[in-house]
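Let me see the structure of the following:
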Amino acid sequence: MTVTRCTWANPANPRYLAYHDQEWGVVCHDENRLFEMLNLEGAQAGLSWETILNKRESYRAAFDGWDAEIIARYDAAKVAELLANPGIVRNKLKVAAAITNAQAYLRLRAEGQSLDQYLWAWVGGAPIINSFGAGDRPAKTELSDRISKDLIKRGFKFVGSTIIYAYMQGIGMVDDHDVKCFRHAER
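Take a look at the predicted model:
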């Protein structure tokens, strides 16, 4: 039996198919994964998501399992180590953004709010479920514009509206599976 997936899911890459089938559009409340995905979506800017997904395990190792407490204290030596690591995207601005994001995230927590609480409050605690055909999905929305502006105000980097909309999809705040996709039918 042939399984129909969203048109963007590369059938030649098992890692990509697993991401589509098991993560994309699935509600996530795990703090560590929310922080990881925010940074990975930022790292993806200008690249394909497949590139980042293929480097995901290297990112986890390089960034101490996405432990914000550790990342927030990275020094110049650690940055140099990261920029020499072929397992990640070696972009100075993106590496610096991960450190800045860890610091902004810790400030959010110091204010008494988890990333989970902060994010899901924007959608009233329930995912937005859309019914798009292939190619109809927007790159950003008015809501992703507002979240992006607020994150920037809070000191986060690489959180433009298009990045945030992709992030919302990745963590299940928005479920944009194509109407012909088997995941759409499972709703």
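
any weak-confidence spans in this protein?
187 (pLDDT under 70).

Spell out the residue ranges of the strands in it.
For the chain, the strands defined by DSSP state E cover 128-129, 174-175.

So which of those has the densest surroundings on average?
Greatest average neighbour count among the strands of the chain goes to strand 174-175 (a mean of 20), per mean count of other CB atoms under 10 Å. The C-beta positions use only the backbone N, C-alpha and C, and glycine is treated the same way.

Start and end of stretch 161-180, how far apart?
One end of stretch 161-180 to the other measures 27 Å (CA to CA, to the nearest Å).

Would you confirm that Arg5 contacts Tyr19?
No. Applying CB atoms under 8 Å as the test, Arg5 and Tyr19 come out as separate, 11.0 Å apart.

Look up how far Gly170 lies from the spatially most central residue of the chain.
Taking CA atoms, centre = their mean, the centroid of the chain lies closest to Met37, which sits 3.1 Å from it. Met37 is 5 Å from Gly170, where distance means CB to CB, to the nearest Å.

Which parts of the protein are helices?
Using DSSP state H, the helices of the chain run over 14-22, 31-44, 49-54, 56-62, 68-71, 76-83, 92-110, 115-121, 142-153, 161-170, 182-185.

Compare these and give me the one nearest Phe132.
With CB to CB as the criterion, Phe132 lies closest to helix 182-185 of the helices of the chain, at 9.0 Å.
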